[in-house]
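> give me the fold of what follows.
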Amino acid sequence: MLTNLTVKERLNLNVKAYDTGEIMLSYMEGGDPSARPLLLLHGGSSRWQSFSSLIPDLIGKFHLYALDLRGHGRSGRASSPLGYRMEDYLSDVINLIRYIIKEPPVIFGHSLGGMIALMAGASYPASVNSIVVGDAPLSSDVLKVHTDRQREMTERWRQVAENGTISDIIFELQHMHISSPEQKEPVPAKDVFGENHPWFEFMAISLSQNDPKMLFSINYHFDEIYQAYSGIDLAAIECPVLFLQADPEQGGLLSDKDVKKATELVRHSQVVRLNGIGHALHMQDKDLVSKAIQEFIRQMDHSF
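Now for the predicted structure:
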């Protein structure tokens, strides 16, 4: 993965800020202003730089925007844990579209970002051109199971986000036990990725910029945080949607059952199954993800 500095230097990206009147949002903008807008929404606990590997493939074809969600990256923090409801994230995204982008963009949302993108398509259909959903859980049941499974890790992340240095967080991440296809029992992450894998530094910086209240809300206010998403009306989405499904055997969260239901409800939808790729998607294999996004947009241009 390219570092933040390298991406900005090589691709002439600009990091800007927008005050919604409630919160300050930090976002990246780059590419040809006359090209089609593409908005990138990262996953939970991450930041816009999670798309660093993908941006070089896209910047020559789109006017790119990438948002740091509230409580993430350089964006502002909510006043309480209940300021991280899905409708709060959605409000920020719609504000950015209306007052900064100023035309309906293609949205590629990974995980949490994909959930927000679907809510935007369902609630504000005139504000969204098309959506690429990157392995976002579609049912509250799947989301609840995933949250419960990650509960201990999320709490530890909250503690290090609040008190740890970057070095402290890297050490924690290296020694965090994770599942590996080659091992029967969870093993330290450094034994799976290698001690010097760049993900450790990237994620340590991300966690150091997380609002601990945001991480607290995931564990202790699940129902309030995700209530609006659990009631989403997928049939209300009018724009084309591509579901990028990670391999369930590699930790993908978009189940076959949910994909079948979603494609029955969303009128203009298709699915690309990325076998052998886990939930990290573009951070694991950016070429496959880039190809799928660009092919979807080409097909959409010929069909609509």
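
> use CA for all of it now, contacts and neighbours both
Fine.

> where does pLDDT dip in the chain?
Across the chain, the ranges flagged by pLDDT under 70 are 1-10, 180-183, 304.

> just the helices in it please.
Counting by DSSP state H, residue ranges of the helices within the chain are 4-11, 55-58, 86-96, 112-123, 140-149, 151-163, 166-174, 189-193, 198-209, 212-220, 222-230, 256-265, 286-303.

> near Leu274, how many other residues are there?
Leu274 has 20 neighbours, counted by other Cα atoms under 10 Å.

> doesn't Asp247 make contact with it?
Yes: Leu274 lies in contact with Asp247 (Cα atoms under 8 Å); the separation is 6.0 Å.

> okay if I get the helices of the chain as CSV plus distance to Leu64?
Putting the helices of the chain into CSV (distance: least, Cα to Cα, whole Å) gives the following:
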stretch, distance to Leu64
helix 4-11, 11
helix 55-58, 8
helix 86-96, 13
helix 112-123, 15
helix 140-149, 29
helix 151-163, 29
helix 166-174, 29
helix 189-193, 30
helix 198-209, 21
helix 212-220, 26
helix 222-230, 26
helix 256-265, 27
helix 286-303, 14
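
> tell me which residues touch Asp258, please.
Leu138, Ser139 (Cα atoms under 8 Å, 6 or more residues apart in numbering).

> sorry, that was for Gly109
Counted by Cα under 8 Å, 6+ apart, Gly109 has contacts Leu40, Leu41, His42, Gly43, Met115, Ile116, Ala117, Ile131, Val132, Val133, Gly134.

> could you redo the last one with a cut-off of 10 Å?
Going by Cα atoms under 10 Å, 6 or more residues apart in numbering, Gly109 touches 39-43, 66, 115-118, 131-136.

> what subset of these is buried?
39-43, 66, 115-118, 131-136 (16 or more other Cα atoms under 10 Å).
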